[in-house]
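Colleague: okay, predicted coordinates and the sequence, questions at the end:
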Amino acid sequence: MSSPTLAIIDSGGANIASLQFALARLGVAGRLTSDPDIILSASHVILPGVGAAADSMARLEKAGLVELIPGLHQPFLGICLGLQLLFEASEEENAKCLGVFSGTARLFAPSPERAVPHMGWNRIARTRDSDLLNGIPDSAFFYFVHSYAVDVTDDTLAVCEYGKPFTAIAERANFAAAQFHPERSGKSGAQLLKNFLAR
């Protein structure tokens, strides 16, 4: 099997270095880009993100990627904000998003027991089988940092609980997305990235 050519979409988020280090440990050099031609020709595409939904969507719009991304056919992975951008909308500044998945990212309701943002290690529970989860034990822990989340939908592959169940992983056709940070989630996160790159 030939080595994947990986495009990492530059949506303005931080934390790109830790993702690139995690990919390098798997023997893959991801290219950070907003060039539509490079993205179209890549074998795999990742949309990471840390920050505000509206700002990231504005950057994608400026780069001509809002119409391009939903039509991609290669394996695609959204990470953290990248998951939320693949849904229809976010309550954060009422941002209209990419609409690959149906649903809206909504702000967690803070409470004395649960700070917002949701930050730290939490376990996930799969709702169905997928090669994306090969070699990952059910109830594995992953690292989360987010204030907005999407309810459980028909596209939910795994759920997490923080006051209520929410989508930890979504998947439909060639599109998958993780609300957590696989690049900061130890052995299970590395396995998820490895599974994605094997698609």
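Modeller: Arrived safely, thanks for sending. Numbers count the residues shown, from 1 in each chain.
Colleague: tell me the contacts of Ser188?
Modeller: Ile136, Pro137, Ala140, Phe141, Phe142, Pro182 (CB atoms under 8 Å, 6 or more residues apart in numbering). Heads up, the C-betas are built off the backbone N, CA and C, glycines and all.
Colleague: try it again with 7 Å
Modeller: Ile136, Ala140, Phe141, Phe142 (CB atoms under 7 Å, 6 or more residues apart in numbering).
Colleague: per-residue pLDDT, it?
Modeller: With respect to pLDDT, Ser188 has a value of 98.
Colleague: give the helix, strand or coil label for it.
Modeller: Of the three states, Ser188 takes helix under DSSP: H, G, I helix; E, B strand; the rest coil.
Colleague: Ile136 is in contact with Gln191, correct?
Modeller: Yes - using CB atoms under 7 Å, Gln191 makes contact with Ile136 at a distance of 5.3 Å.
Colleague: which residue is the nearest non-sequential neighbour of the residue nearest in space to the middle of the chain?
Modeller: Nearest residue to the geometric centre of the chain (CA atoms, centre = their mean): Ile79, 2.2 Å. For Ile79, ignoring the flanking residues on the chain, the nearest one in space by CB to CB, 6 or more residues apart in numbering is Pro48 at 4.5 Å.
Colleague: can you give me the distance of that neighbour to Leu193?
Modeller: 12 Å (CB to CB, to the nearest Å).
Colleague: tell me which residues touch the residue located most distally from the centre of the chain, please.
Modeller: Relative to the centre of the chain, the most outlying C-alpha is that of Pro112, 28.2 Å out, by CA atoms, centre = their mean. Going by CB under 7 Å, 6+ apart, Pro112 touches no other residue.
Colleague: also Leu81?
Modeller: So Leu81 contacts Gly13, Gly49, Val50, Gly51, Ala53, Ser56 (CB under 7 Å, 6+ apart).
Colleague: doesn't the third one belong to a strand?
Modeller: When you say that, I think you mean Val50. No - using three-state DSSP, the assignment for Val50 is coil, not a strand.
Colleague: burial of it, as a residue count?
Modeller: 18 (other CB atoms under 10 Å).
Colleague: wait, it touches Leu83, no?
Modeller: No - counting by CB under 7 Å, Leu83 is not a contact partner of Val50; they are 11.9 Å apart.
Colleague: can you say which helix or strand has Gln84 in it?
Modeller: In the assignment (DSSP states H and E), Gln84 maps to helix 81-85.
Colleague: so after that helix, what's the next helix or strand?
Modeller: That would be, after helix 81-85 and using DSSP H and E, strand 89-90.
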